[in-house]
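**Student:** what follows is a protein structure lacking sequence information:
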């Protein structure tokens, strides 16, 4: 494919005129998607070709006069127009992304796009769990149940499922779209479609405030023989990346976030401090992390693994 190197001055001018952050990277991501290059490094191959057109490069194996087909050119133009006109996130345009140990995970609007900071959270949890489980040496690993609050696309829980194959992970979310997407990704990553009655990963459509076995009217625990289904808790670790932005700060978000991503996954509630959802999570911790409903949140659950929240 013929490419033309762009000077840094022209690149800056393009960014200012079009208003697209990192316009060059955006174009390479979109073109890699159109050309069906490997999701893991396709955009970087194009970026290298753009800046070093004469160097040895895998894409130089193509004919020198290779061109996009009419359909490819049309598709690329449509994606670029959507990106430039509304700053639609790249993840929504290409409908997939890599995350931590997951490749080509499905994404779609308005579910929150995974951030690099979320990968840092996952890595922190992974290192902590490895230290915890390392105490058992070569012995059989104890049961490990993890709760992902606000699972979104499922990337946090599924990354942990790949790292700890013996873990049982439950994701909850108030968004039905998020639960559908995380379930699709679980089938893609873990092939959960063919798992047993106790799957390694499952997503439930329920907000944190309603994920409880306490009757909303009587405020007492539902009996074990209650007609409605009781949730199974006793989680060893609770992982949450909750919305925490105060309502007054929402308008200051960048347009690509403000106009495309789910406000309920960003705004932390109606309180001025934006911590309503965080308080709901903390309030439910004793029930979620206890072998018995009334145990303390930081109590040992009986398996030798202390309950934690991240």
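**Tutor:** Perfect, I can see it now. In this text, all values refer to a predicted model and were calculated from it rather than measured experimentally.
**Student:** what's the burial count for residue 238?
**Tutor:** Residue 238 has 21 neighbouring residues, counting by other Cβ atoms under 10 Å. No exception for glycine: its C-beta is placed from N, CA and C like everyone else's.
**Student:** work out for me the element it sits within.
**Tutor:** For residue 238, the element it lies in under DSSP states H and E is strand 237-240.
**Student:** quick one: strands adjacent to that strand?
**Tutor:** If you go by DSSP bridges, strand 237-240 pairs up with strand 145-149 (parallel), strand 308-309 (parallel).
**Student:** and the average pLDDT for it is what?
**Tutor:** For strand 237-240, mean pLDDT is 94.
**Student:** how about residue 149, what does it touch?
**Tutor:** Residue 149 is in contact with 172, 208, 238, 239, 240, 242, 281, counting by Cβ atoms under 8 Å, 6 or more residues apart in numbering.
**Student:** residue 100 too?
**Tutor:** Contacts for residue 100 (Cβ under 8 Å, 6+ apart) come out as 119, 122, 123, 155, 159.
**Student:** find the nearest non-adjacent residue to it, please.
**Tutor:** residue 159 (4.4 Å; Cβ to Cβ, 6 or more residues apart in numbering).
**Student:** surely residue 114 is in a strand?
**Tutor:** No: counting by DSSP: H, G, I helix; E, B strand; the rest coil, residue 114 falls outside a strand, being coil.
**Student:** touching, it and residue 99? I think so.
**Tutor:** Yes: counting by Cβ atoms under 8 Å, residue 99 is a contact partner of residue 114 at 4.9 Å.
**Student:** tell me, what's touching these two both at once?
**Tutor:** Any residue near both residue 114 and residue 99 by Cβ under 8 Å, 6+ apart counts here, and that gives 105, 155.
**Student:** still on that earlier bit, nearest to residue 89 among the contacts of residue 149?
**Tutor:** Residue 89 lies nearest to residue 242 out of these, by Cβ to Cβ, at 20.3 Å.
**Student:** for the closest one, what are its contacts?
**Tutor:** For residue 242, the contacting residues are 149, 150, 208, 268, 277, 278, 281, by Cβ under 8 Å, 6+ apart.
**Student:** how close does it sit to residue 154?
**Tutor:** To residue 154, residue 242 is 16 Å away according to Cβ to Cβ, to the nearest Å.
**Student:** just give me the neighbour total for the closest residue to residue 168 other than its chain neighbours.
**Tutor:** Leaving aside its sequence neighbours, residue 168 sits nearest to residue 145 (Cβ to Cβ, 6+ apart; 4.9 Å). Around residue 145 there are 20 other residues, counting by other Cβ under 10 Å.
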